[in-house]
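Student: Pasting the sequence and the predicted model now:
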Amino acid sequence: MDKILLVNKDKGYTSRDVVNALSQVFHTNKIGHFGTLDPLATGLLIIGIGKYTKVGNLLEKDDKQYIAEVLIGTSTDTYDVTGTVTKKEDIKEIDRDLLVGVLERYKGLYLQEVPIYSAVKVKGKKLYEYARNKESVTLPRKLVNIHSIELIDIYERENNLYFSFKCSVSKGTYIRSLINDMSKSIKIPMCMSNLKRTKQDKFSIEDSYTIKDIRKGNYKLLDIEDIIDLNIIDVSDSLYDIVKNGGLIEKTGDKPILFRKDGKNIALYMDYDKNKNLMKPFIFYGGN
């Protein structure tokens with residue numbers, strides 16, 4: 001089975017936990033996810049099944065939208081409430097204009113430092129391994145784009161002060177790092193307390209399913225044509241032997257081509273990077 005599934009991840013699950021649960025539901029180990037969510041986070045997680053574990057890089061934009069909640073008065077080593085507290089202040093109120101201003105300050109391109117509690121590798125070792133071993137390491141920085149960011153509300157819960165905001169960001173942006181950077185800017189301890197991914201590329205959380213839904217059979221699977229813009233062509237007899245064997249073909253148009261015969265997928269062809277006039281198979285179905 002080669003399909004795409006939109007999952008609404010619950011809090012407490014790692015992205016790998018979701019993959020493991022779905023492996024049992026669909027009785028296959030050929031499952032992967034596109035865009036990791038931390039255990040604290042909830043929301044949209046795109047899953048590829050079968051040959052479609054390869055298609056994550058084909059998402060047209062891969063921008064993501066989030067709703068984040070921030071605990072005011074506490075900073076931690078992980079930049080979220082799961083970490084060890086590094087600074088704490090008793091803050092009962094905060095100026096709304098101050099928050100609006102700092103959110104606006106980070107709109108657009110900025111160089112973001114990757115958090116040490118992450119799986120990004122430096123010199124062959126994951127950053128969180130440096131943190132756990134208390135080893136020093138220079139944290140890499142990468143250019144991210146905060147397309148939009150907007151304050152939602154400021155409120156109190158269980159004697160703590162919080163605010164929430166929504167944002168649209170480029171691939172690879174760490175929202176907890178964004179919050180930590182804002183904390184440094186206004187010199188007030190803050191960390192992420194909740195995060196929900198509401199959109200990725202053109203897909204929305206409204207179209208996703210919880211693990212509970214999926215185990216009950218309440219879900220809809222997507223095909224490759226649902227996630228990327230492509231041309232679907234019934235392969236001609238003269239081209240069939242070439243396509244079914246994964247041969248190169250002349251490029252026709254600017255879109256990937258999904259070749260079918262008798263209603264069955266044969267191969268998905270993409271541009272050939274070594275020759276701009278040719279196309280090569282990206283996924284080969286073998287006529288199955």
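Tutor: Nice, I can see it.
Student: what's near enough to touch the nearest residue to L5 once chain neighbours are set aside?
Tutor: Excluding the flanking residues, the one nearest L5 by CB to CB, 6 or more residues apart in numbering is I47, at 4.4 Å. Bear in mind the C-beta positions are built from the backbone N, C-alpha and C, glycine included. With contact set as CB atoms under 8 Å, 6 or more residues apart in numbering, I47 has these partners: I4, L5, L6, V7, V18, V19, L22, I31, G32, H33, F34.
Student: in the stretch 51-200 of the chain, which spans are strands?
Tutor: Using DSSP state E, counting those that start in this stretch, the strands of the stretch 51-200 of the chain run over 64-72, 74-76, 85-88, 108-113, 121-122, 125-126, 141-157, 160-169, 190-200.
Student: So the residue nearest to L5: helix, strand or coil?
Tutor: strand (DSSP: H, G, I helix; E, B strand; the rest coil).
Student: re the thing from before, kindly reformat the strands of the stretch 51-200 of the chain as TSV and extend each row with mean pLDDT.
Tutor: What follows is the strands of the stretch 51-200 of the chain, written out as TSV (pLDDT from 0 to 100):
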stretch	mean pLDDT
strand 64-72	97
strand 74-76	96
strand 85-88	95
strand 108-113	94
strand 121-122	88
strand 125-126	86
strand 141-157	95
strand 160-169	97
strand 190-200	96
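Student: Mind putting the ones you listed into a markdown table with mean neighbour count?
Tutor: Formatted as a markdown table, the strands of the stretch 51-200 of the chain follow (neighbours: other CB atoms under 10 Å):
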| stretch | mean neighbour count |
| --- | --- |
| strand 64-72 | 22 |
| strand 74-76 | 21 |
| strand 85-88 | 12 |
| strand 108-113 | 14 |
| strand 121-122 | 13 |
| strand 125-126 | 14 |
| strand 141-157 | 14 |
| strand 160-169 | 18 |
| strand 190-200 | 22 |
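Student: Now render the ones you listed as JSON lines, adding distance to P39.
Tutor: Below are the strands of the stretch 51-200 of the chain laid out as JSON lines (distance: least, CB to CB, whole Å):
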{"stretch": "strand 64-72", "distance to P39": "15"}
{"stretch": "strand 74-76", "distance to P39": "15"}
{"stretch": "strand 85-88", "distance to P39": "19"}
{"stretch": "strand 108-113", "distance to P39": "21"}
{"stretch": "strand 121-122", "distance to P39": "20"}
{"stretch": "strand 125-126", "distance to P39": "16"}
{"stretch": "strand 141-157", "distance to P39": "21"}
{"stretch": "strand 160-169", "distance to P39": "20"}
{"stretch": "strand 190-200", "distance to P39": "11"}
